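Trainee: Provide a 3D model corresponding to the input given below.
(chains A and B)
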Amino acid sequence: MVLVLALGDLHIPHRAPDLPAKFKSMLVPGKIQHVICTGNLCIKEVHEYLKTVCPDLHITRGEYDEDSRYPDTKTLTIGQFKLGVCHGHQVIPWGDLDSLAMLQRQLDVDILVTGHTHQFTAYKHEAGVVINPGSATGAFSSITYDVNPSFVLMDIDGLRVVVYVYELIDGEVKVDKIDFKKTTTPTNLPH
Amino acid sequence: MMISNGIEDEEKWLAEGIAGIQHNAFYLHRALDSNNLREALKYSAQLLSELRTSRLSPHKYYELYMRAFDELRRLEIFFKEEDRHGCPVIDLYELVQHAGNILPRLYLLCTVGSVYIKSKEAPAKDILRDLVEMCRAVQHPVRGLFLRSYLAQVSRDKLPDIGSEYEGEGDTVMDAVEFVLQNFTEMNKLWVRMQHQGPHREKEKLEKERNELRDLVGKNLHVLSQIEGIDLEMYRDTVLPSVLEQIVNCKDELAQYYLMDCIIQVFPDEYHLQTLETLLSACPQLQPTVDLKTVLSQLMERLSNYASLNPELLPEFLQVEAFSKLSNAIGKVMEAQVDMPVVGAISLYVSLLTFTLRVHPDRLDYVDQVLGACVKILSGKPKLEDSKATKQVVALLSAPLDKYDDIVTALTLSNYPRVMDHLDAGTNKVMAMVIIRSIMKNKSWVSTSDKVEVLFELIKGLIKDLEGISTDELDEEDFNEEQNSVACLMHMLYNDEPEEMLKIICTVWKHVMSGGPKRLPFTVPSLVFSALKLVRRLQGQDGDVGGEEVPATPKKIFQLLNQIIETLSVVPAPELALRLYLQCAEAANDCDLEPVAYDFFTQSFVLYEEEVADSKAQVTAIHLIIGTLQRVNVFGVENRDTLTHKATGYSAKLLKKPDQCRAVYACSHLFWVDDQDGIKDGERVLLCLKRSLRIANAAQQMTNVTRGSSGPVTLFVEILNKYLYFFEKGNPQITASVIQGLIELIKTEMQSDNAVVNPVSDAFFTSTLRYIQFQKEKGGAMGEKYDSIKLGG
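Mentor: Numbers count the residues shown, from 1 in each chain, chains lettered A, B, ... in the order given. Coordinates of the predicted model:
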């Protein structure tokens, strides 16, 4: 089993001072194999912190990120899954699942991890899954009201991925999970 | 040359002394084995004569002494066993006084005395008194000290203490105390006398030697502390006054310092608390060169720990008025030692502050008093440059922060900012960071504008350029860290009451606005989002409460926001400002304030037109504008048309064709909002898509010309996906045949002669077709829609 942490939209220091303490205590170095960050850290101290959680770190550019060299999109393969990452401010309408599905098709990935709306979603469609880990700090958003801090932990095992979402609600960490199974071969199409 | 000779000589003399002892010890042992008292006395006296030397330093003398000591132990055992030598102890006591030289005589006398006391044939006090008096005959400091040390050693377990076997009629604790006190007094006198012996140029060596002997003197105090019969009353009325008298009268700096420290370390804290006045009153009577601040610091530290471990005793501290006594004592020391360096003075107050925080944490007036005393010390002097002193001041200021988890308490201390004012600019900033870290760590909320005012005054070193430092000189990393801290700090300033919250925001802005172009990019965003959060809170509410106009309304806040974001033009930071204007526009939309929202969009467009020059930045900026515009619904037709027209216009004018294409098809969403009352202008959607198609075509031709192969068909596939999007949403302008046409177009492009295989666009097209197939297979309304689209062939 491979653990992949997905988080983003921390907006430190513009909209939040730090990750919630309860989250920090859960993100123990050495337990996670990969970290995916949708963007809007925004400062390098956050980058350095994430690196201590796991050195295999993949970040895409959010519109407030201090470091403009992060790529707009990124793809990577973990086990049997192809993952794509994109902050999401580039995909209009923001948060629109059909438009995100288009990006997913374009990147040709099974799992698309995206952010910007600060709202956790896990959307399954014919070609795969779109996951939004929300904002790890519960940062203010013009799109979502009453943001609770959240992040996602994916457990990739063969053709199956279990998506755990951790949300801080009224000071308590609540966990939920969703299962996805990948189909082995795509249906053959006339071309 | 001289010194090394000296050391070599000393080694030689020591060796000679040891040899002498060993030699006589051999014969002594023989005498003891044959129970020969006379011989035993003879050889032990000779042995002890080695201790008559004056050529050894204390360190070396000690080695000699220890060997003699071992032999005397054997001798004592022999003395005790009367049946071996047949001499009653009382006669023995007489006999040994016939020894030729005074030093051996006295060592032997003490040894016999020990046996004598044990025998109980005479009261312990009489023997002890006799011995302590007799030892006066040796006035040489080193020899006398070791002799009396021997006396102390052998008498230790024979003092007439309470509950000891030597207590009896006429033999009381008081006698034990008097004995030890007298031995102590004499030993101190000898010790002090050493100071005046050597010639002045050997001063350092002298000090070293004196220090080597100090524990011999201090041991007496330790013995006193172990005497069980001494209660608080006796300590207070007899022991302490006598000891202090000797300390004061000896007028010796080394002795005074050491012995004061000894008292503090050796006697129980409970006693110190109850005799505080007496102890402290001795301080001004000591030599002016004595390091009193260390002595007092030690005392305060002990009392602080005592208070920590025994919180139930805190009332006692109050009762004896510990704080005022200590505070006064320190004041007197400061008056007496006018030349005390600042670092010393401040460290003294740090100890007092620690004491106060542990013993009287609720007495903020005491804490403030201590800080006030420090302000006095620092006043009239130039800004601190001594790093040690600075460290002490930082320790002073950090102590209340550590103690009171709530920063607010520290902020109410009137002298706190005054102390900070005396720090040099660099240290001021260090302290400001300490304060911020404390707030962040303890998660202390600062909830009124008054407190925010005080806080920002304290951290003003971070907020603006203080005299002496210009931003250009600063290390960039440090500077960024500082500014990010200030930005984080702003999130801890909060009040539930909107009026107060607005006051807080205004107070912060007042301080932060003059931070200059380097600071504004850090501070403005945080403040803007604070204000936006407030706007959101007020969203549901009306402008007036109970008929009265209320200052905190979204409109007023937007005016403030406008001012705030405008200052970014001095940096200049147009991209950041553009983003913040868009945030405000969306917030104004949510408040139903059409003109305000329009104004913010106008500002964004102006920045886009005039300031955002970088082509990559333009792409992001235009997408942000489009994305925001797509979401707002407050605009009437005219305003909306103007803005969407601008957006599409700029999209088409981006530098690179692919960027143009993508921005234009993004604009298609401006004319179709999925909401119930959302705009659904199918025609204009199609116009956008067609336009983007034309651009894609042009892009295709261009790559043909410049690179000699057909460019990626990715753009076409993207546009196809957009067509599918609106097709599904039910845009009547987008028919199955239109889609079919586009599919065929793409296929043609991919199969053309010039085509270069592009796996990315291939995969994209494949997955798109797969999607269409999936939709067809869905059945129902969706399946029907897709039915006429053919994928085969």
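
Trainee: give the contact list for residue 51.
Mentor: Because you didn't say which chain, this covers chain A. Applying C-beta atoms under 8 Å, 6 or more residues apart in numbering or on different chains to residue A:51 gives the contacts residue A:57. C-beta coordinates here come from the backbone N, C-alpha and C atoms, glycine included.

Trainee: meant chain B, my bad for not saying
Mentor: B:61, B:64, B:65, B:68, B:103, B:104, B:107, B:143, B:146.

Trainee: Can you tell me the closest non-neighbouring residue to the fifth one?
Mentor: Spatially, and ignoring its direct neighbours in sequence, residue B:103 is nearest to residue B:52 (5.1 Å; C-beta to C-beta, 6 or more residues apart in numbering or on different chains).

Trainee: Name the residue of the stretch 151-300 of chain B that lies nearest to chain A.
Mentor: Using C-beta to the nearest C-beta, the closest approach of the stretch 151-300 of chain B to chain A is made by residue B:300 at 35.6 Å.

Trainee: hang on, isn't that residue packed against residue B:356?
Mentor: No - using C-beta atoms under 8 Å as the test, residue B:300 is too far from residue B:356 to be in contact (9.2 Å).

Trainee: coming back round to it: tally of neighbours for the residue nearest to residue B:103?
Mentor: 14 (other C-beta atoms under 10 Å in any protein chain shown).

Trainee: for residue B:448, same thing?
Mentor: Around residue B:448 there are 16 residues (other C-beta under 10 Å).

Trainee: Now that we're looking at it, what pLDDT does it have?
Mentor: pLDDT recorded at residue B:448 is 93.

Trainee: re the thing from before, show me the contacts for the residue of the stretch 151-300 of chain B closest to chain A.
Mentor: By C-beta under 8 Å, 6+ apart, the residues touching residue B:300 are B:326, B:351, B:352, B:354, B:355.

Trainee: Just say helix, strand or coil for it.
Mentor: helix (DSSP: H, G, I helix; E, B strand; the rest coil).

Trainee: Check the gap between it and residue B:320 for me.
Mentor: To residue B:320, residue B:300 is 14 Å away according to C-beta to C-beta, to the nearest Å.

Trainee: Point out where the chain drops to low pLDDT.
Mentor: With no chain named, the answer covers chain A. A:184-191 (pLDDT under 70).

Trainee: meant chain B actually
Mentor: B:1-6, B:198-201, B:384, B:467-473, B:541-550, B:705-711, B:753-755, B:792-793.

Trainee: all strands for it, in order.
Mentor: B:544-545, B:548-549 (DSSP state E).

Trainee: cool, chain A as well?
Mentor: Counting by DSSP E, the strands of chain A are A:2-7, A:34-37, A:57-59, A:73-78, A:81-86, A:111-114, A:120-125, A:128-133, A:150-157, A:160-169, A:172-181.

Trainee: quick one: which of these is nearest residue B:160?
Mentor: Closest approach to residue B:160 among the strands of chain A is made by strand A:172-181 (69.3 Å; C-beta to C-beta).

Trainee: related to what we said a few turns ago, looking at the contacts of residue B:300, which one is closest to chain A?
Mentor: residue B:354 (28.8 Å).

Trainee: For the closest residue to that closest one other than its chain neighbours, give me its contacts.
Mentor: Of all residues not flanking residue B:354 in the chain, residue B:304 sits nearest, at 5.4 Å (C-beta to C-beta, 6+ apart). Neighbouring residues of residue B:304 by C-beta under 8 Å, 6+ apart: B:351, B:354, B:355, B:358, B:359.

Trainee: Please apply the same query to residue B:124.
Mentor: Neighbours of residue B:124 in contact, by C-beta under 8 Å, 6+ apart: B:117, B:158, B:159, B:160, B:166, B:171, B:175.

Trainee: didn't the second one look like it was pressed against residue B:114?
Mentor: What it means is residue B:158. Yes - with contacts counted by C-beta under 8 Å, residue B:158 reaches residue B:114, the gap being 6.7 Å.

Trainee: Give me the more crowded residue out of these two.
Mentor: Between residue B:158 and residue B:114, counted using other C-beta under 10 Å, residue B:114 has the larger neighbour count: 24 against 20.

Trainee: coming back round to it: output the strands of chain A in TSV; the columns should cover distance to chain B.
Mentor: Below are the strands of chain A laid out as TSV (distance: least, C-beta to the nearest C-beta, whole Å):
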stretch	distance to chain B
strand A:2-7	19
strand A:34-37	18
strand A:57-59	16
strand A:73-78	10
strand A:81-86	10
strand A:111-114	12
strand A:120-125	9
strand A:128-133	10
strand A:150-157	18
strand A:160-169	14
strand A:172-181	16
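
Trainee: for the ones you listed, which one sits closest to residue B:380?
Mentor: When the strands of chain A are compared for distance to residue B:380 using C-beta to C-beta, the nearest one is strand A:160-169, at 53.1 Å.

Trainee: Please identify the buried residues of the closest one?
Mentor: A:161, A:163, A:165, A:166, A:167, A:168 (16 or more other C-beta atoms under 10 Å in any protein chain shown).

Trainee: Note down every partner strand of that strand and its orientation.
Mentor: strand A:150-157 (antiparallel), strand A:172-181 (antiparallel) (DSSP bridges).

Trainee: The last one relative to strand A:128-133, how many degrees between them?
Mentor: Interaxial angle, strand A:172-181 versus strand A:128-133 (axes from the mean of the first three to the mean of the last three C-alpha atoms, to 10 degrees): 170 degrees.
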